[in-house]
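need a structure here:
(one chain, ligands or ions: 1)
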Amino acid sequence: MVVTKPKRKSVAADFMMKPAKGQKKSRENPVSVVSMDNETPDKWLTLSLDEVLESDQKLWVEPRRYFRGSGAGNECVRSLTFEAMGHRVPFEARVLRIFGVGNAIEKVIVDATKKSKILVKGSDQLEGKIVDPLIICHVDLIVKRLTDGQLFLGEIKSIKLENFKRLPPEHGPTRAGDSPLLKNHAGYVKQWNTYAWTPEVDLQYGFLLFENKNTQHQKLYWLERDDVLHEEILKVHREAFPYILEDPQMVAPIPMGLDPGLGQGACRWCDHKYLCKRIPKKGADYDEVRKIDAKLRG
Ligand code: SF4
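Got it, this is the predicted structure:
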């Protein structure tokens with residue numbers, strides 16, 4: 001890459017145009033550093049930052065014979081089997097940075113609960129398990145109200161400005177299945193509800209705390225665990241469970257009412273859509289799914 005000679009003099013420009021030690025400045029031997037042309041800025045820095053984030057991602061991870069509580073809101077049996085089978089779609093660096101910010105926000109809040117001495121357990125200390133079917137849950141935090149010792153299960157969610165503005169009004173203790181959050185954030189409510197029913201947590205009340213990623217304003221929704229909602233969640237997972245216990249594992253058939261080709265409803269934002277469309281509707285085993293994906297993604 002050749003440095004375009006700057007029109008104005010500046011310390012930076014002098015530095016960029018200075019030949020390296022032992023190297024003569026000449027027309028035939030231009031200085032090879034970053035571009036000085038503003039219209040085509042050199043991309044090496046952004047590319048380096050993006051690449052280091054994106055490069056560690058795998059297209060497939062080790063299959064597992066359990067579900068994750070963070071995915072409790074997944075309403076598609078076939079999608080649950082894709083997840084357990086280990087199918088992954090890599091994220092672009094921008095999205096990975098968003099996750100990083102989310103983790104940092106969670107840390108600030110958990111640290112504050114520690115300092116205020118209300119933290120009972122944090123995510124590094126507590127794993128909850130629903131046994132039938134096996135769903136493993138990583139709980140954000142359990143806090144204690146100091147006035148009466150009552151415990152509450154908490155989940156922290158960071159959210160962008162536009163979505164924060166669209167959140168419903170904050171509410172006091174409300175059965176999870178009746179929370180207005182179900183309209184746009186059903187996945188989070190179902191996740192919280194599933195965690196609350198694990199024997200390791202077993203708490204009736206708790207909260208979802210949303211923090212705005214742009215302004216750090218917060219909104220708090222107090223929830224009461226809901227057995228009816230819990231049964232609905234278990235029903236979907238129980239339907240998917242036999243497929244992930246098979247040897248080799250199976251992808252379930254496309255559920256009634258869903259069509260990956262149309263990309264509506266649950267299919268709209270599904271990461272597995274491109275593959276789902278190409279796998280037989282009635283399902284397929286692990287080797288067949290991998291073979292079809294290899295043709296598509298290498
Ligand atoms: S694309 Fe639709 S049918 Fe296929 S796994 Fe995703 S949600 Fe289920």
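
number of nearby residues for residue 98?
14 (other CB atoms under 10 Å). Heads up, the C-betas are built off the backbone N, CA and C, glycines and all.

if I look at it, how far off is the ligand?
As defined by CB to the nearest ligand atom, to the nearest Å, residue 98 lies at a distance of 22 Å from the ligand.

same check on residue 46?
In terms of CB to the nearest ligand atom, residue 46 sits 32 Å off from the ligand.

and the helix or strand hosting that residue, what does it pack against?
According to DSSP states H and E, residue 46 maps onto helix 44-54. Counting contacts by 3 or more CB pairs under 8 Å, 6 or more residues apart in numbering; DSSP states H and E, helix 44-54 is packed against helix 93-115.

picking up where we left off before, hmm, who's touching the helix holding residue 46?
Identification of contacts with helix 44-54 by CB atoms under 8 Å, 6 or more residues apart in numbering yields 34, 90, 91, 92, 93, 96, 97.

can you flag the buried ones in those?
The neighbour count (16 or more other CB atoms under 10 Å) marks 93, 96 as buried among the contacts of helix 44-54.

dump the contacts of helix 44-54 to JSON lines, plus pLDDT.
What follows is those, written out as JSON lines (pLDDT from 0 to 100):
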{"residue": "34", "pLDDT": "43"}
{"residue": "90", "pLDDT": "94"}
{"residue": "91", "pLDDT": "94"}
{"residue": "92", "pLDDT": "95"}
{"residue": "93", "pLDDT": "95"}
{"residue": "96", "pLDDT": "95"}
{"residue": "97", "pLDDT": "95"}
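
report the inter-axis angle for the helix holding residue 46 versus helix 93-115.
Relative orientation of helix 44-54 versus helix 93-115 (axes from the mean of the first three to the mean of the last three CA atoms, to 10 degrees): 70 degrees.

check contacts around the residue in the stretch 101-250 of the chain positioned nearest to the ligand.
The minimum distance from the stretch 101-250 of the chain to the ligand, using CB to the nearest ligand atom, falls at residue 240 (10.6 Å). By CB under 8 Å, 6+ apart, residue 240 lies in contact with 67, 77, 78, 80, 81, 84, 133, 252.
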